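[1] build me a model from this:
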Amino acid sequence: MLLLQFSTSHYCRKARMALGYKQISYQVENLTPLLHLWRTKSLSNSETVPILLPRQKNCPAVVTDSTEIIKFLESYQPDPPLYLDDALPQAEALRLEDYFDESIGTAARSVYCQFRVTEGKYIDPSWISLAVIRIIRWRYGINAQSAEIAATKLGDAIALLGEFWQDGYLVGDRFSVADLTAAALLCPLRVIPTYRLKYPWLFERIAEIHQLCNEPLPQNW
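    Numbering: from 1, shown residues only. Okay, here's the model as predicted:
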């Protein structure tokens, strides 16, 4: 299998963690924002990554979006499962996955990118890295005001996680797609001192889930 990705994207991290959890062998092809369009447009109508090319018999040629990739992997290799057996807990796990994808993932991106162009320039001061961050900020309309709104959303989400993650799982009594998604999408916040100092338990749990999913932690962790 081949995963097309941005190496720093937390949505691509989510797809890698799902592949790693299921111990499926795969390769990655790292793309550059904006320049990636010639590659993705040749495969599908999607302008975003991750994109998975299964390259297996009786499988779709292309699977786009991290949520759809996990859905495909659940049918391709059910064990170990990321979906829950019972209908109601599984519906809640999918609801949380969607909530993290559509609200918290975007909020984490806003806060992270705003940090990187202000006090976080030291993380990687190279012109290439800063150029990529500026492209992302332009693409998603990120600025100081939107980052402040995003930070409020993140505070609410972390409070929710605090009720469950310190003693167990987000849904039911075992690991699921909800836990994986939260760990992947909140991972970038670790480089921001405010979050790192205020929520040590959060990043301890994220590190545990990365280990469970056979996914290396980011540099500077």
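
[2] distance check, residue 158 against residue 100.
    Using C-beta to C-beta, to the nearest Å, one gets 12 Å for the distance from residue 158 to residue 100. For every residue, glycine as well, the C-beta is placed using N, CA and C.

[3] ok, these two, which is more surrounded?
    The neighbour count for residue 158 versus residue 100, taken as other C-beta atoms under 10 Å, is higher for residue 100 (26 against 19).

[4] distance check, that one against residue 215.
    Taking C-beta to C-beta, one finds residue 100 at 16 Å from residue 215.

[5] so where's the longest helix in this structure?
    helix 144-164 (DSSP state H).

[6] what comes up buried for it?
    Buried residues in helix 144-164, defined by neighbour count with 16 or more other C-beta atoms under 10 Å: 146-147, 150-151, 153-154, 157-158, 161.

[7] ok now that helix, how far from the chain's centre?
    Computed by C-alpha atoms, centre = their mean, to the nearest Å, the chain-centroid distance of helix 144-164 equals 16 Å.

[8] same check on stretch 79-93?
    Distance of stretch 79-93 from its chain centroid, counting by C-alpha atoms, centre = their mean, is 19 Å.

[9] swap in stretch 115-127?
    Chain-centre distance of stretch 115-127: 21 Å, with C-alpha atoms, centre = their mean.

[10] can you check the distance spanned by it, start to finish?
    One end of stretch 115-127 to the other measures 16 Å (C-alpha to C-alpha, to the nearest Å).

[11] repeat that for stretch 16-36.
    19 Å.

[12] next structured bit after the least confident helix or strand in the chain by mean pLDDT?
    When the helices and strands of the chain are compared on mean pLDDT, DSSP states H and E, helix 37-41 comes out lowest with a mean of 71. As assigned by DSSP states H and E, the chain's next helix or strand after helix 37-41 is strand 51-53.

[13] so where is the protein shaky, pLDDT-wise?
    Within the chain, the stretches with pLDDT under 70 are 34-35, 37.

[14] all helices in it, in order from the N-terminus.
    10-21, 37-41, 66-76, 87-99, 105-116, 127-140, 144-164, 177-186, 193-198, 200-212.

[15] and the longest one, what does it pack onto?
    Contact here means 3 or more C-beta pairs under 8 Å, 6 or more residues apart in numbering; DSSP states H and E; on that basis helix 144-164 packs against helix 105-116, helix 177-186, helix 200-212.

[16] let's see it at 6 Å
    Packing partners of helix 144-164 (3 or more C-beta pairs under 6 Å, 6 or more residues apart in numbering; DSSP states H and E): helix 105-116.

[17] report the angle between the helix it packs on and helix 127-140.
    140 degrees (axes from the mean of the first three to the mean of the last three C-alpha atoms, to 10 degrees).

[18] from the middle of its chain, how far away would helix 105-116 be?
    12 Å.

[19] do stretch 65-80 as well
    Counting by C-alpha atoms, centre = their mean, stretch 65-80 is centred 15 Å from the centre of its parent chain.

[20] over to stretch 62-78?
    Computed by C-alpha atoms, centre = their mean, the separation of stretch 62-78 from the middle of its chain amounts to 15 Å.

[21] list the buried residues of that stretch.
    63-67, 69-74, 76.

[22] same question, stretch 83-91
    Across stretch 83-91, burial judged by 16+ other C-beta under 10 Å covers 84, 89-90.

[23] I appreciate the help and will end here.
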